[in-house]
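*Asks:* Structure of the sequence below:
(chains A, B, C and D)
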Protein chains: 2
Amino acid sequence: MSSPEVPRTRAPNMRDVARLAGVSYQTVSRVLNNSEALRDETRERVLAAMEELHYRPNRAARALKTSRSRAIGVLASIRSAYGPALTIEAIEAAAMARGFSVTTAHITRIDEQSVAEAIERLIDQDVEGLVVIAPQQRVFETLARLAELPPMVTLRSGLDGDPRALWVDQAAGARAATAHLVELGHQYIRHLAGPQDWIEADARMQGYLLELSDRELPTLPPIRGDWTAEFGYQAGLQLIPANEATAYFCSNDEMALGVLHAAHQLGLRVPQDISVVGFDDVPAAQHYWPPLTTVRQDFAELGRRCVQMLMDGRDDTTTDIEPHLVVRGSSGPVRRF
Amino acid sequence: MSSPEVPRTRAPNMRDVARLAGVSYQTVSRVLNNSEALRDETRERVLAAMEELHYRPNRAARALKTSRSRAIGVLASIRSAYGPALTIEAIEAAAMARGFSVTTAHITRIDEQSVAEAIERLIDQDVEGLVVIAPQQRVFETLARLAELPPMVTLRSGLDGDPRALWVDQAAGARAATAHLVELGHQYIRHLAGPQDWIEADARMQGYLLELSDRELPTLPPIRGDWTAEFGYQAGLQLIPANEATAYFCSNDEMALGVLHAAHQLGLRVPQDISVVGFDDVPAAQHYWPPLTTVRQDFAELGRRCVQMLMDGRDDTTTDIEPHLVVRGSSGPVRRF
DNA sequence: TGGCGGTATGTGAACGAACACATTGCCAGT
DNA sequence: ACTGGCAATGTGTTCGTTCACATACCGCCA
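*Replies:* Here you go, the predicted structure:
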């Protein structure tokens, strides 16, 4: 004689709940979906049954029927960097708050194939939307070539009017940093840029170039770096002794840290002998030696905006995010000759 | 007369592929699941049909039928910190390689409710497994109290024999750092520990205490910090002038950076006047001024191991991960009085 | 008192894939 | 020629949920 009991191994489903509450499974569904047409008494009976059975709606079944996964994807490169990590953290928090889960795919190489594969993986996860924070020009070119992409928001800088893009005015930040150095009397400012192809790197470099040309000051050819402190260090060891610049504006804080290292090692004082300015304002920057003048970006706000824009669309109140200058000890008046 | 065509709005399913390939949907299923019993010719016909229709298996349907989600969850705290971010990145890469997606939930406060909610969210996402890299004692206590948890792997330090835990021998790393300072002649070493309740912080502190007591050297009461450079800085400003220690061993690199900042501001030279040692070896550490002596951890390897252990179980080759000392310029022989 | 409108609840089918099982085709052995 | 056996492929049912629709119940008015 077989027992009529439900096998222990199976998780309870709507029918189990319905049976216990003495209603039909449809009524359970109504409770789940906050339907209006329900007597309070019924609703409570169903809720009690759910509680008792530790019922959890089956996500897969719901996704199958509604063809909505309630998941979004994030395409990122070098996620362990402070900025992206913080942005992703915020994206996740915001998405979770709306009942969405977040899957990320990060790419290590920036070639067409890596990007296509990563996107492929995310689509295979049935993501309903995509946030792209892999800010290389080539990524967007690849994206443009792919068909059947889910709705997406991209993080960019510059202005080409793409309504799916959320802008941070990197150039404005770079102009502020450059202006700050000029106002301290610096005439020869060297820029350590980020890698070719990175949108942010280009925008910051443009900001630097524009600010100087607006002021009719000479520009020195920017040096393309790779964001690492090691690069800043090596560049510093080479450039500083050449004595062509009195100030170094770096496209991120890490490279600035490397330049500081080089300066110390060469026996120069900062900011008396040279000034150094970074970009990002990572938490450690205020404890570099000397504390770093830099441009702060609100990475967390960026993440929240991404999710908001992805879910609610762009609205009139959608404004660009403005980075702002934070002046600390690494920049000072130019040394008088 | 209605057209027999498939509506454009619907994504193709197995039946569409089957129809195009002139087989039954079951044969399509067999191709999808790499079944043996298939003529090569048939398989290729089906694959061609898939290609033509841009067919993608429906994840939700598959999950519903198999009751496997092919997703794992990560519970993390402060993920924007370098270590956790890198570990998560590696977890994702490893999981993706096995066809799993990764959803993370990060907690900002470490109370019972936050942990329970985060776990709840992950379980609601139907994760099949869990990696816990929120290394606070309280998290584990909460976890122990929760019923019906999926399989999980936790990141810990110390040794209590939990077979679900992957260990990093933090204490050994701390002992190595302490021994290094002792061998340079330091008799009075101050430890800036991590926050109460953090397992790693406690393990490192224990390593420090044990190494000194083994050598019958005096210990100074460790100071509990919060991992931030700001804390290291403030602590440094207070402690250094008291002149009780000639060396500072900090539980992470950021706090060490703060101590360096304080030392510079107070006009002391590192390592001539005081030595400073950190823990983690973040990429920037080698460009702090002076370059930081620290203990390197392989965060990426840790992430890979987590996934491996979660999926394949612990095997005989599962060994703990040993951090190792990296000596740089911030530590030197004790100053002779 | 019969029918009407509205509210509350129930029933059948579908979503797309996987599994158990059924069927077909073909060849060898008797 | 018939049958057994195996390889290749097809059919029916199910997973747990939602949706469209059907039905039961109630009070109220003509």
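*Asks:* Close to DNA strand C: what parts of the stretch 1-150 of chain A are there?
*Replies:* A:18, A:22-27, A:30, A:36-39, A:41-42, A:61, A:64-65, A:67 (Cβ under 7 Å from any atom of the strand). Yep, even glycine has a C-beta here, placed from its N, CA and C like the rest.
*Asks:* try 6 Å this time
*Replies:* Proximity of the stretch 1-150 of chain A to DNA strand C (Cβ under 6 Å from any atom of the strand) is limited to residues A:V23, A:S24, A:Y25, A:Q26, A:T27, A:A37, A:L38, A:R39, A:T42, A:L64, A:K65.
*Asks:* Could I get the contacting residues of the fifth one?
*Replies:* A:T27 makes contact with A:A18, A:A21, A:L38, A:T42, A:V46, according to Cβ atoms under 8 Å, 6 or more residues apart in numbering or on different chains.
*Asks:* so how far is the helix or strand A:R30 falls within off the chain centroid?
*Replies:* Counting by DSSP states H and E, the element that carries A:R30 is helix A:25-32. For helix A:25-32, the separation from the chain centroid amounts to 39 Å (computed by Cα atoms, centre = their mean, to the nearest Å).
*Asks:* Three-state assignment for A:P12, please.
*Replies:* At A:P12 the chain is in coil, as set by DSSP: H, G, I helix; E, B strand; the rest coil.
*Asks:* how near is it to B:V307?
*Replies:* Note on A:P12: its distance to B:V307, by Cβ to Cβ, to the nearest Å, is 30 Å.
*Asks:* These two: which is more packed in?
*Replies:* B:V307 (24 against 18; other Cβ atoms under 10 Å in any protein chain shown).
*Asks:* what's the distance between that one and B:E301?
*Replies:* B:V307 sits at a distance of 11 Å from B:E301 (criterion: Cβ to Cβ).
*Asks:* and what of A:R10?
*Replies:* Distance of A:R10 to B:E301, computed by Cβ to Cβ: 39 Å.
*Asks:* which one of the two has more residues nearby?
*Replies:* A direct count of neighbours by other Cβ under 10 Å for A:R10 and B:E301 places B:E301 higher, at 14 against 9.
*Asks:* which residues touch that one?
*Replies:* So B:E301 contacts B:A90, B:I321 (Cβ under 8 Å, 6+ apart).
*Asks:* circling back: quick one: which of the residues of the stretch 1-150 of chain A next to DNA strand C is nearest A:A134?
*Replies:* Nearest to A:A134 among those: A:L64, at 30.8 Å, using Cβ to Cβ.
*Asks:* Under a three-state scheme, what state does the closest one occupy?
*Replies:* Going by three-state DSSP: A:L64 is helix.
*Asks:* For DNA strand D, what's the nearest residue on the stretch 151-300 of chain A?
*Replies:* At 19.4 Å from DNA strand D, A:P151 is the closest residue in the stretch 151-300 of chain A, using Cβ to the nearest atom of the strand.
*Asks:* isn't that residue right next to A:M309, touching?
*Replies:* No - assessed by Cβ atoms under 8 Å, A:P151 is found out of contact with A:M309, at 10.0 Å.
*Asks:* what about the helix holding A:R30, average pLDDT?
*Replies:* The average pLDDT for helix A:25-32 rounds to 93.
*Asks:* Return the per-residue confidence for A:M96.
*Replies:* What the model reports as pLDDT for A:M96 is 90.
*Asks:* do the same with A:S157
*Replies:* So A:S157 comes in at 58 (pLDDT).
*Asks:* can you check A:R215 too?
*Replies:* 96.
*Asks:* Can you report how many residues lie near the residue nearest to it when sequence neighbours are not counted?
*Replies:* Nearest residue to A:R215, sequence neighbours excluded (Cβ to Cβ, 6 or more residues apart in numbering or on different chains): A:V182, at 6.0 Å. The local packing of A:V182 (other Cβ under 10 Å) involves 18 other residues.
*Asks:* again, but for A:R109
*Replies:* Using other Cβ under 10 Å, A:R109 has 9 neighbouring residues.
*Asks:* now swap in A:Y208 and tell me
*Replies:* Neighbours of A:Y208 (other Cβ under 10 Å): 25.
*Asks:* Ok, A:H54 next?
*Replies:* 10.
*Asks:* Can you list phi and psi of it for me?
*Replies:* Dihedral pair for A:H54: phi 50, psi 50, per degrees, to the nearest 10.
*Asks:* residue contacts, it?
*Replies:* So A:H54 contacts A:P12, B:E148 (Cβ under 8 Å, 6+ apart).
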